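[1] quick one: sequence plus predicted model below, questions after.
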Amino acid sequence: MTSYVSTNLGEYQGADTVGKQEVEVELVEAARIFTDERTQALNIGECQSAYREGSIKFESIHLLGEVLAGRTIGRETDEQITLFDGTGVAAQDVAMAALVATRARSRPA
C-alpha cells in the first residue's frame with residue numbers, strides 16, 4: 001500500500017501586512033510558491049521576508065490562474081512542497097461572489 005503525505009501549505013490566515021510572518025523563511029525558500037497576485041505576496045504576504053533577503057525572486061512565484069489555465073505547471077513531483085500565498089485580491093473575491101450568487105439563483109428551490 002502506498003502512503004501519501006500532503007505537502008501543500010495553504011496560507012489562509014497568514015501574513016497580510018509589512019513585517020508580519022507566520023511561515024518560516026526556510027519553508028518558503030524550499031517550496032514551489034503560488035499566489036493570486038505576485039506584488040502583494042512580495043510586499044505583504046508570506047514571501048516578503050524571503051524576497052527581501054534575496055532567497056526567492058519575483059519569477060519564482062507562480063500565479064494560480066496560470067496553473068488553472070494550463071500555462072504553468074503546478075507541483076512538479078509528488079514530494080515537492082507547494083505553498084499558496086493568497087493575498088486576497090478584492091476584485092477576484094467580488095467576481096467569485098457574483099458567480100456563486102448567479103449559480104445559486106439558477107438552481108431550483
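    Cool, got the structure.
[2] all helices of this structure, in order?
    Assigned by DSSP state H, the helices in the chain fall at 25-30, 38-44, 48-53, 64-68, 90-106.
[3] tell me which of these lies nearest to Thr17.
    helix 38-44 (5.5 Å; C-beta to C-beta). Where you see a C-beta, it was placed from the backbone N, CA and C, and this is true even at glycine.
[4] before we move on, the earlier item: could the helices of the chain go into a markdown table alongside distance to Asp16?
    Below are those laid out as a markdown table (distance: least, C-beta to C-beta, whole Å):
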| stretch | distance to Asp16 |
| --- | --- |
| helix 25-30 | 15 |
| helix 38-44 | 6 |
| helix 48-53 | 11 |
| helix 64-68 | 17 |
| helix 90-106 | 13 |
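[5] minimum distance to Gly19: which of those has it?
    Nearest of the helices of the chain (C-beta to C-beta): helix 48-53, 7.9 Å.
[6] so what's the residue count around the nearest residue to Ser55 once chain neighbours are set aside?
    Among residues not flanking Ser55 along the chain, Glu29 sits closest, at 4.9 Å (C-beta to C-beta, 6 or more residues apart in numbering). When neighbours are counted by other C-beta atoms under 10 Å, Glu29 registers 15.
[7] is it true that Glu29 touches Ser60?
    No - look at Glu29 against Ser60 with C-beta atoms under 8 Å: they stay out of range, at 9.5 Å.
[8] circling back: next one: the residue nearest to Ser55 from Glu76, what distance?
    16 Å (C-beta to C-beta, to the nearest Å).
[9] buried set for stretch 61-81?
    Buried residues in stretch 61-81, counted by 16 or more other C-beta atoms under 10 Å: 61-64, 81.
[10] how about low-confidence regions in this structure?
    1-15 (pLDDT under 70).
[11] just the closest of the buried residues of stretch 61-81 to Asp36, please.
    Looking across the buried residues of stretch 61-81 and measuring by C-beta to C-beta, the closest to Asp36 is Leu64, at 5.7 Å.
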